[in-house]
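1. sequence first, predicted coordinates after that:
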Amino acid sequence: MSTTAIVIAVVVVVVLLIAAFILWRRERTGKLRSRFGPEYARTVEDVGSRRKAEAELRERQARVAAFSLRDLTAEDRTRFSDAWARVQAEFVDDPPAAVVHADVLLGDVMKARGYPVADFEQRAADISVDHPIVVENYRAAHDIAMRHTSGQATTEDLRQAMVHYRRLFEELTHGEAALQPAPAPAARSAR
């Protein structure tokens, strides 16, 4: 084989390796975008680089994969649903207390599911791995609760926080089925 043929073969191999690497990175990025949805874009914006954001999202996945996450038992779901109903009823008389209790209840649900509940940012990051759509609701509700502590949230804001908390609560207690629209009632047949 001539030197020219060897050089051409090496160049072709290098080009193929580069192309394979680019395709692999695109596929990996696509999988992260698909899995994390809007959380992907949020993380890229927060850290300022796609590469750093993707590394952070992969770290989140590895962290959550190490948890012993579990579904709630039927008794736990009932107990938490009853507690949620009490929190919602409390909103009528004391919206600020209801928002605080909703946040605490979500922490209890997360703990029962196997999530560590250290600080808010870590909880949100952990939740984003399996619940990337509703984690933004959780962040919005938490932001409203924080604004309320400094006197900058209205009762309407607090109501919106409850709506956000409820969305995450439903997903954590009832899974994806809670997020799907109810099936249309079957048409009655004429007799």
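-> Yep, that arrived.
2. in the lowest-mean-pLDDT helix or strand in the chain, what counts as buried?
-> Within the chain, confidence by mean pLDDT, DSSP states H and E is lowest for helix 3-36 among all helices and strands, at a mean of 85. By neighbour count with 16 or more other C-beta atoms under 10 Å, helix 3-36 contains the buried residues 32, 33, 36. Yep, even glycine has a C-beta here, placed from its N, CA and C like the rest.
3. contacting residues for the last one?
-> Contact partners of residue 36, counting by C-beta atoms under 8 Å, 6 or more residues apart in numbering, are 43, 57, 128, 129, 132.
4. name the SS class of the last one, please.
-> The one in question is residue 132. Classification of residue 132 using DSSP: H, G, I helix; E, B strand; the rest coil returns coil.
5. quick revisit: after the least confident helix or strand of the chain, which helix or strand is next?
-> Using DSSP states H and E, the next helix or strand after helix 3-36 towards the C-terminus is helix 38-47.
6. what mean pLDDT does the helix or strand just after that next one get?
-> Downstream of helix 38-47, the next assigned helix or strand under DSSP H and E is helix 50-65. The average pLDDT for helix 50-65 rounds to 93.
7. could you list the buried residues of helix 50-65?
-> Within helix 50-65, the residues scored as buried using 16+ other C-beta under 10 Å are 53, 54, 56, 57, 60, 61, 64.
8. and the spatially closest residue to residue 61 that is not a sequence neighbour, how far is that from residue 6?
-> Distance criterion C-beta to C-beta, 6 or more residues apart in numbering; nearest residue to residue 61, sequence neighbours excluded, is residue 129 at 5.6 Å. Between residue 129 and residue 6 the computed distance is 48 Å (C-beta to C-beta, to the nearest Å).
9. which stretches of this structure have low pLDDT?
-> 176-191 (pLDDT under 70).
10. can you rerun that using 90?
-> 1-35, 37-39, 41, 117-119, 133, 149-151, 174-191 (pLDDT under 90).
11. would you put the C-alpha positions of the strand or helix carrying residue 136 in PDB?
-> Per DSSP H and E: residue 136 is located in helix 135-149. Backbone C-alpha positions of helix 135-149 (Å, rounded to 0.1, in the frame of the first residue of the first chain) are rendered in PDB as follows:
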ATOM      1  CA  VAL A 135     -41.400  20.800  38.300                       C
ATOM      2  CA  GLU A 136     -41.900  24.300  36.900                       C
ATOM      3  CA  ASN A 137     -45.200  24.400  38.700                       C
ATOM      4  CA  TYR A 138     -43.400  23.500  41.900                       C
ATOM      5  CA  ARG A 139     -40.800  26.300  41.400                       C
ATOM      6  CA  ALA A 140     -43.600  28.800  40.600                       C
ATOM      7  CA  ALA A 141     -45.500  27.900  43.700                       C
ATOM      8  CA  HIS A 142     -42.400  28.100  45.900                       C
ATOM      9  CA  ASP A 143     -41.600  31.500  44.400                       C
ATOM     10  CA  ILE A 144     -45.100  32.800  45.200                       C
ATOM     11  CA  ALA A 145     -44.700  31.400  48.800                       C
ATOM     12  CA  MET A 146     -41.400  33.200  49.100                       C
ATOM     13  CA  ARG A 147     -42.800  36.500  47.800                       C
ATOM     14  CA  HIS A 148     -45.700  36.100  50.300                       C
ATOM     15  CA  THR A 149     -43.200  36.000  53.200                       C
END
